[in-house]
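S.K.: Mind looking at a prediction? Sequence and model below.
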Amino acid sequence: MKTFVLVHGGGHGGWCYKFVAGILRKAGHVVHTPSLPGMGEHSHQLHQGIDLDTHIEDVVQLLFHEDITDAILVGHSYGGMVITGVADRATDRVGHRVYLDAAYPNDGESLHDHAFAMIDPLRPGMYIVDGVELVMKPDPAFAGFFGIHDPILAEWTNSRLTPQPWKCFTQKLHLTNEQRMRAVPETHIICTSTIFGRDMAILTNRSEGRVWDIDTGHDLMLTEPAWVADRLLDVCKTRAGPT
């Protein structure tokens with residue numbers, strides 16, 4: 001039995017892992033699907049202090065208070081920024097990092113730096129609520145942007161997407177334990193038409209060849225949940241824990 005912590009991306013919440021989590025739990029694993037501060041069911045708790053560090057610390061505290069060790073930490077999209085920071089701050093509690101079509105940042109990078117072509121076009125749509133600069137205002141077009149074209153699933157997804165604090169995308173990630181963090185085994189699951197620029201040679205080398213790809217939309221945990229769950233179950237078979 002393994003413990004998964006599935007971290008969502010921008011505009012999403014823990015709800016986006018509903019189908020994948022169900023499969024993993026049926027296989028006997030423990031699964032946590034937190035909604036980050038200000039997101040998902042916590043969207044009514046938005047405040048000006050929410051940024052990348054807030055989201056990282058929230059997951060670090062989850063690992064501590066749930067007494068989780070050897071976690072399989074999964075991050076989708078912006079969640080790649082979060083899990084990298086979590087693994088840096090709580091290395092002893094993380095056994096594997098999985099980047100699910102996710103940002104794979106270096107020290108000192110923000111998501112805006114890392115994925116400028118995707119993130120910068122969101123700036124013109126920025127608006128302010130209670131002093132919080134927000135992007136990704138809910139729009140019926142977003143499901144298609146995330147690669148969801150089934151009308152029922154698109155409606156379900158659109159009804160749950162929430163705005164994202166802009167600071168989360170612009171705050172730079174600062175690593176203080178990078179050597180040990182990079183030693184934690186990692187896996188990359190990516191979409192063929194990826195939105196993030198990647199050096200495949202680096203990913204393949206750092207993950208010891210654990211790189212899978214699939215031709216589907218960016219929200220692959222919703223469009224291909226069985227395939228994603230199977231890959232995460234494959235991760236369970238690999239070695240876990242820092243070297």
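M.R.: All right, it came through fine.
S.K.: ok, now how distant is E41 from G14?
M.R.: 8 Å (Cβ to Cβ, to the nearest Å). Heads up, the C-betas are built off the backbone N, CA and C, glycines and all.
S.K.: So if I had to pick from these two, which one is more boxed in?
M.R.: For E41 and G14, the more surrounded residue by other Cβ atoms under 10 Å is G14, and the numbers stand at 19 against 12.
S.K.: Find me the pLDDT at the nearest residue to that one once chain neighbours are set aside, would you?
M.R.: Nearest non-adjacent residue to G14, counting by Cβ to Cβ, 6 or more residues apart in numbering: T33, 3.6 Å away. With respect to pLDDT, T33 scores 98.
S.K.: Touching both of E41 and G14, which residues are there?
M.R.: Taking Cβ atoms under 8 Å, 6 or more residues apart in numbering as the criterion, E41 and G14 both touch S35.
S.K.: List the buried residues in the one helix or strand N205 maps to.
M.R.: Element membership for N205 (DSSP states H and E) is helix 200-206. Buried residues in helix 200-206, counted by 16 or more other Cβ atoms under 10 Å: 203, 206.
S.K.: Which elements pack onto it?
M.R.: Other elements packing on helix 200-206 under the criterion 3 or more Cβ pairs under 8 Å, 6 or more residues apart in numbering; DSSP states H and E are strand 211-214.
S.K.: which residues touch the helix or strand following the strand it packs on?
M.R.: Using DSSP H and E, the next helix or strand after strand 211-214 towards the C-terminus is helix 220-223. Contacts with helix 220-223, where a contact means Cβ under 8 Å, 6+ apart, come from 6, 16-17, 19-20, 76, 100-101, 146-148, 150, 153, 157, 189, 191, 214, 216-217, 227-228.
S.K.: same thing with stretch 79-86?
M.R.: So stretch 79-86 is contacted by 7-9, 36, 52-53, 55-56, 59-60, 63, 73-75, 94, 97-100, 102-105, 110-111, 114, 173, 175, 181 (Cβ under 8 Å, 6+ apart).
S.K.: all helices for the protein, in order.
M.R.: 18-26, 52-65, 79-89, 111-114, 116-119, 142-145, 151-158, 166-170, 178-183, 200-206, 220-223, 225-236 (DSSP state H).
S.K.: right, and those helices - which one's nearest D130?
M.R.: Using Cβ to Cβ as the measure, helix 166-170 is the one of these that comes nearest D130, at 13.8 Å.
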